[in-house]
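J.: Provided below are the primary sequence and the corresponding predicted coordinates.
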Amino acid sequence: MSQNQQILAMLRRGPITPLDALQVGCFRLAARIRDLREMGFEIHTHIKHVNGKRYAQYSLLKSKAA
């Protein structure tokens, strides 16, 4: 299974962060999100702020039409 497929499966279960993506060995989540968007998936980015640090949380809004 490719990283794109693994990240898509995770997104279908709920929002993910870069820390979540590390569980499947993905160090460049933003690049995988870009790939998925280019394939037609609608993914929302929400920037979170915790203790003065920022990170992105991604959510799948709409799957690509079959």
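T.: Everything's here; your move.
J.: tell me the secondary structure for residue 44?
T.: strand (DSSP: H, G, I helix; E, B strand; the rest coil).
J.: I'd like the numbering to begin with 720 instead of 1 from here.
T.: Let's use 720 as the start, then, which means that last one is residue 763.
J.: thought it was touching residue 780?
T.: Yes: counting by Cβ atoms under 8 Å, a contact exists between residue 763 and residue 780, whose distance comes to 5.2 Å. All C-beta spots, glycine's among them, are computed from the backbone N, C-alpha and C.
J.: Show me where the protein dips below the pLDDT cut-off.
T.: Within the chain, the stretches with pLDDT under 70 are 783-785.
J.: List the contacts of the residue nearest to residue 744 when sequence neighbours are not counted.
T.: Nearest residue to residue 744 in three dimensions, chain neighbours excluded: residue 722, at 7.4 Å (Cβ to Cβ, 6 or more residues apart in numbering). With contact taken as Cβ atoms under 8 Å, 6 or more residues apart in numbering, residue 722 is in contact with 743, 744, 745, 751.
J.: Selecting buried members of those in PyMOL, what would you type?
T.: Burial among the contacts of residue 722 is assessed by 16 or more other Cβ atoms under 10 Å; the matching PyMOL selection reads:
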select buried, resi 743+745+751
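J.: And the furthest pair within the contacts of residue 722?
T.: The most widely separated members of these, counting by Cβ to Cβ, are 744 and 751 (11.1 Å).
J.: Out of the contacts of residue 722, list just those in helices.
T.: Those of the contacts of residue 722 mapping onto helices are residue 751, per DSSP state H.
J.: Against residue 771, how distant is residue 735?
T.: From residue 735 across to residue 771, the span is 22 Å (Cβ to Cβ, to the nearest Å).
J.: Helices along this structure, start to end?
T.: 722-732, 737-740, 748-757.
J.: Now the longest one - C-alpha only, CSV.
T.: So that's helix 722-732. Provided in CSV are the C-alpha atoms of helix 722-732 (Å, rounded to 0.1, in the frame of the first residue of the first chain):
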residue,chain,number,x,y,z
GLN,A,722,1.8,6.3,1.5
ASN,A,723,-1.0,8.1,-0.4
GLN,A,724,-3.3,5.2,0.1
GLN,A,725,-2.3,4.9,3.8
ILE,A,726,-2.9,8.6,4.4
LEU,A,727,-6.3,8.5,2.6
ALA,A,728,-7.4,5.5,4.7
MET,A,729,-6.4,7.5,7.8
LEU,A,730,-8.3,10.6,6.6
ARG,A,731,-11.4,8.5,6.0
ARG,A,732,-11.4,7.5,9.7
